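# sequence-free structure coming up:
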């Protein structure tokens, strides 16, 4: 069974640190944030176990879209 974590605020200092911790513990992580550039930079440092999605958690439509995008990837 693959362990998976979804981290919002992933482009910030705390979120990226949490993502790193989970990757080091063997998880696949999905980091969510508003800055695609920052997310890609973090993803580059974490490798293939890190997946990114651009979304704004304060926007309901953005979160609905994120759910539709990630749901198939999270079903395993």
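Great, that's in hand. The shown structure was predicted, so the numbers you read here are calculated from the model rather than taken from an experiment.
# can you point me to the longest helix in this structure?
Counting residues, the longest helix found in the chain (DSSP state H) is helix 60-74.
# contacting residues around that helix?
4, 6, 30, 32, 51, 53, 55-57 (C-beta atoms under 8 Å, 6 or more residues apart in numbering). C-beta coordinates here come from the backbone N, C-alpha and C atoms, glycine included.
# please redo it, this time with the cut-off set to 10 Å
Identification of contacts with helix 60-74 by C-beta atoms under 10 Å, 6 or more residues apart in numbering yields 2, 4, 6, 8, 28, 30, 32, 34, 51, 53-57, 59.
# what is the rounded mean pLDDT of it?
Across helix 60-74, the average pLDDT comes to 85.
# can you confirm residue 7 is in a helix?
No: assigned with DSSP: H, G, I helix; E, B strand; the rest coil, residue 7 falls outside any helix and is strand.
# cool, thanks, talk later.
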